[in-house]
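J.: attaching a predicted model along with its sequence, questions to come.
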Amino acid sequence: MIFISHRGNIDGRIENKENNPDYIKEALNQGYDVEIDVWYQSGYYFGHNCPTYEIDISFLLQSRLWIHAKNIAALYELKNITNCFFHKNDDAVLTSTGYIWTYPGYPLTNKSICVMPETVNYSNDQLKNCYGICSDEIKRFKNIL
């Protein structure tokens, strides 16, 4: 099982640090994969609601990143060179590497990334059977599982 920090959060949400390149590096350095929000507008940017932190493409080529393309341009630019996905209000979407990014509360498979399990009531058995977990509280889930 892989454990994915949501926007750099490990032990609870710290909204003003989310998607900050230094915060993401901290999570990576602690051994977690990281889900990040990426925009493309004549360059690459991290940011949830808007492009905020300009970032070099070399940062995005790290293997332990799960890139949430925030606009179609980002998806187009990154689809063949990174592990990325795009969604708005979908129950689940496929990542560019074939995993099922699963919205909270929907059925899980052994290819699912369970997103934000702290917001629903999955059993530990359900969580153990998925490929990975993405959470603001990923440290807690790593300790439990």
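T.: Received it, and whenever you're ready, just let me know what you need. Numbers count the residues shown, from 1 in each chain.
J.: what's the distance between T102 and V115?
T.: The gap separating T102 from V115 is 6 Å, by CB to CB, to the nearest Å. Any C-beta I mention is one placed from the backbone N, CA and C, and that applies to glycine too.
J.: ok, now I2?
T.: 13 Å.
J.: who's more crowded, the two?
T.: V115 (23 against 16; other CB atoms under 10 Å).
J.: what's opposite the residue nearest to that one when sequence neighbours are not counted in the beta bridge?
T.: Excluding the flanking residues, the one nearest V115 by CB to CB, 6 or more residues apart in numbering is C134, at 4.9 Å. Per DSSP bridges, the residues bridged to C134 are I4, V115.
J.: what sits against C134?
T.: The contact partners of C134, taken as CB atoms under 8 Å, 6 or more residues apart in numbering, are 4-6, 35, 66, 113-116.
J.: residue nearest the centroid of the protein?
T.: Nearest to the geometric centre of the chain sits E35, at 2.2 Å (CA atoms, centre = their mean).
J.: which residues are in contact with the helix or strand hosting that residue?
T.: Element membership of E35, judged by DSSP states H and E, is strand 33-40. With contacts defined as CB under 8 Å, 6+ apart, strand 33-40 is touched by 2-8, 19, 24, 27-28, 44-48, 50-51, 55, 60, 64-71, 73-74, 76-78, 84, 132, 134.
J.: report the secondary structure state of the most far-flung residue of the chain relative to its centre.
T.: Within the chain, the residue lying farthest from the chain centre (CA atoms, centre = their mean) is S42, at 22.9 Å. The three-state assignment at S42 reads coil, by DSSP: H, G, I helix; E, B strand; the rest coil.
J.: the contacts of strand 33-40 in helices, which ones?
T.: Per DSSP state H, helices hold the following members of those: 24, 27-28, 60, 73-74, 76-78.
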